[in-house]
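J.: Need coordinates for the following:
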Amino acid sequence: MGMDLVRRRDSRKWSCNNALWIFIIDSAKSAGWVPLGTKNRLKETNDHDPQDYFSNNDQIVSPDDAEEMYIHLKKYAEENKPKEIEKEIIDSFLEWIPRRNEDNVIVDFPGFIIR
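T.: Alright, predicted model coming up:
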């Protein structure tokens, strides 16, 4: 089983296995990211845990939370200089999370859905 993320606004997908997703979350937290919490995409369910970034229940990560995650994960990468698969997965996520224009300049952080 893995993590399938879908960026909001353009539906661009990004995936990794569970262990690498935990690595991304833990790395961002270790660099100072404080998760704002996810929102329940299906409003009718009452058992949503806002701190759930790990199940595949269509929970929404807000634009502000996605941007903070990006900032802190980038800080982690600069300070810790991960290698091999850890570097590859961080670089891939940092490339995916913001929307960019044709000049590769960040346009915005639309947030994403965890599926």
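J.: Give me the number of neighbouring residues for residue 9.
T.: Neighbours of residue 9 under the rule other CB atoms under 10 Å: 12. Yep, even glycine has a C-beta here, placed from its N, CA and C like the rest.
J.: Now do the contacts for it.
T.: Neighbouring residues of residue 9 by CB atoms under 8 Å, 6 or more residues apart in numbering: 99, 110.
J.: ok, it to residue 88 distance?
T.: Going from residue 9 to residue 88 by CB to CB, to the nearest Å gives 25 Å.
J.: For residue 67, give me its contacts.
T.: Going by CB under 8 Å, 6+ apart, residue 67 touches 98, 109.
J.: Doesn't it belong to a helix?
T.: Yes: counting by DSSP: H, G, I helix; E, B strand; the rest coil, residue 67 is part of a helix.
J.: Mind jotting down where the strands sit in the chain?
T.: With strands called from DSSP state E, the chain shows them at 2-7, 13-17, 39-40, 59-61, 99-100, 106-108, 112-114.
J.: The ones you listed: which one's closest to residue 75?
T.: Closest to residue 75 of the strands of the chain is strand 106-108 (CB to CB; 15.8 Å).
J.: Which strands border the closest one, and is each parallel or antiparallel?
T.: In the sheet, strand 106-108 lines up against strand 99-100 (antiparallel) (DSSP bridges).
J.: mean confidence for the strand it pairs with?
T.: Taken as a whole, strand 99-100 carries a mean pLDDT of 96.
J.: what are the bridge partners for the closest residue to residue 10 other than its chain neighbours, then?
T.: Leaving aside its chain neighbours, residue 10 sits nearest to residue 99 (6.4 Å; criterion: CB to CB, 6 or more residues apart in numbering). Applying DSSP bridges to residue 99 gives these bridge partners: residue 108.
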